[in-house]
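>>> 3D model of this:
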Amino acid sequence: MSALINTNLPGLTPHRGKVRDIYDFGDQLLLVATDRISAFDWILSDGIPDKGRLLTQLSRWWFDKLEVPNHLLDADLTDLPLPSGTDLASLEGRSMVVRRVDIVPIECVVRGYLAGSGWKEYQASQTVCGVPLPPGLVECSQLPEPIFTPATKAESGHDLNISFEEMQSRVGRELSEKLRDLSFDIYNKAAAITQEAGIILADTKFEFGQIDGELLLADEVLTPDSSRFWPIDRYQPGRNQPSFDKQFVREWLESTTWDKNSPPPQMPTEIVQKTRERYLEAYRRLTGEDFA
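Numbers count the residues shown, from 1 in each chain. Predicted coordinates:
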């Protein structure tokens with residue numbers, strides 16, 4: 001079983017993100033989720049087999065489930081003017097044909113639990129992205145109510161958390177309020193769905209675009225790469241939680257002598273397999289189906 005690290009469409013040059021290769025076809029884009037995996041702002045040399053297909057199929061499942069206007073088109077790959085010699089088999093299951101939208105340059109993050117950078121900030125100032133929180137919370141505590149903590153989008157490295165006031169200064173008050181309210185609505189609906197599947201949706205980030213003033217949910221949505229998913233039956237406040245994502249990769253890297261300033265070492269087969277199993281389990285729990 002091999003991982004797809006880079007796509008190759010003859011004669012076309014994609015924009016390569018951390019995971020996705022994006023091909024421009026005018027008013028339509030082809031988003032291809034590779035099997036690349038990143039940690040600590042580095043893309044590892046080896047990937048996780050089927051990760052791109054899992055992310056794509058889970059995003060499509062959520063787009064259907066949420067019934068929120070989005071950028072996904074019901075278009076077949078063969079409807080695109082793909083160059084002669086394109087390996088369609090390599091794109092199958094990991095591709096989305098989407099409408100070109102004007103992306104809002106803000107990551108719309110909703111947090112329902114105190115984890116990650118939010119927990120670090122809370123320890124220092126009892127706030128998360130400037131939002132005051134009550135005293136006495138512990139790591140991974142459920143918040144009294146979800147909070148909206150926007151961030152600036154970064155091509156590489158970490159996104160930078162900003163206040164809601166800063167967001168308004170960048171994209172305007174009216175759009176900021178619309179994005180915040182829509183993000184809360186999607187998070188609350190999704191959290192109820194994941195709870196039925198035995199999963200806590202600790203936090204997640206959304207990306208939105210606009211066409212003629214209409215807001216559309218874009219990119220991936222509610223995947224293990226864009227969300228913290230925790231198993232309900234193992235949830236215990238006061239410690240880090242087991243999760244359905246690249247946890248094994250991060251923990252393994254932390255156990256090595258890697259300095260985080262040079263290319264990371266190659267992953268052992270066991271780490272690749274365990275990470276793949278976590279993505280598979282998230283897919284099974286959420287959709288109720290085995291990944292095909």
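>>> where does the residue sitting nearest the centre point of the chain fall, phi/psi-wise?
The chain has Ser226 as the residue nearest its centroid, 1.9 Å off, counting by Cα atoms, centre = their mean. Main-chain torsions, Ser226, degrees, to the nearest 10: phi -110, psi 0.
>>> again, but for Gly11
Dihedral angles (degrees, to the nearest 10) for Gly11: phi 80, psi 0.
>>> So it is in contact with Pro81, correct?
No. With contact defined as Cβ atoms under 8 Å, Gly11 does not count as touching Pro81 (11.2 Å). Heads up, the C-betas are built off the backbone N, CA and C, glycines and all.
>>> Buried residues in stretch 207-221, which are they?
In terms of neighbour count (16 or more other Cβ atoms under 10 Å), stretch 207-221 has its buried residues at 207-209, 215-221.
>>> and what of stretch 228-236?
So, applying 16+ other Cβ under 10 Å, buried residues of stretch 228-236: 228-231, 235.
>>> And those, which is closest to Ile106?
Distance to Ile106 across those (Cβ to Cβ) is lowest for Arg228, with 19.4 Å.
>>> With only the CA atoms kept, save the helix or strand that contains the closest one in PDB.
According to DSSP states H and E, Arg228 maps onto strand 227-231. Extracted C-alpha coordinates of strand 227-231, given in PDB (Å, rounded to 0.1, in the frame of the first residue of the first chain):
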ATOM      1  CA  SER A 227     -10.900  19.400  13.800                       C
ATOM      2  CA  ARG A 228     -10.200  17.900  17.200                       C
ATOM      3  CA  PHE A 229     -12.200  14.700  17.500                       C
ATOM      4  CA  TRP A 230     -12.100  12.900  20.800                       C
ATOM      5  CA  PRO A 231     -13.700   9.500  21.700                       C
END
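>>> show me the residues around Asp219 that make contact.
Shown in contact with Asp219 (Cβ atoms under 8 Å, 6 or more residues apart in numbering): 31, 207, 226.
>>> how far away is it from Val171?
Using Cβ to Cβ, to the nearest Å, Asp219 is found at 17 Å from Val171.
>>> what's the answer for Arg111, then?
When Arg111 is compared with Val171 (using Cβ to Cβ), they lie 20 Å apart.
>>> which residues of the chain score low on pLDDT?
154-158 (pLDDT under 70).
>>> Tell me how it divides into domains.
Per automatic domain parsing, the structural domains of the chain span 1-100, 102-234.
>>> And those: which comes nearest Ser243?
Using Cβ to Cβ, the nearest of these to Ser243 is domain 102-234, at 5.5 Å.
>>> Pull out the C-alpha coordinates of stretch 279-291 and format them as CSV.
The C-alpha trace of stretch 279-291 is given here as CSV (Å, rounded to 0.1, in the frame of the first residue of the first chain):
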residue,chain,number,x,y,z
TYR,A,279,-8.4,8.2,10.4
LEU,A,280,-10.3,5.1,9.4
GLU,A,281,-11.9,4.8,12.8
ALA,A,282,-13.1,8.5,12.6
TYR,A,283,-14.6,7.8,9.2
ARG,A,284,-16.4,4.6,10.4
ARG,A,285,-17.8,6.2,13.6
LEU,A,286,-19.0,9.3,11.8
THR,A,287,-20.5,7.8,8.6
GLY,A,288,-21.5,4.4,10.0
GLU,A,289,-19.8,2.8,7.1
ASP,A,290,-16.5,1.2,6.4
PHE,A,291,-14.1,3.1,4.2
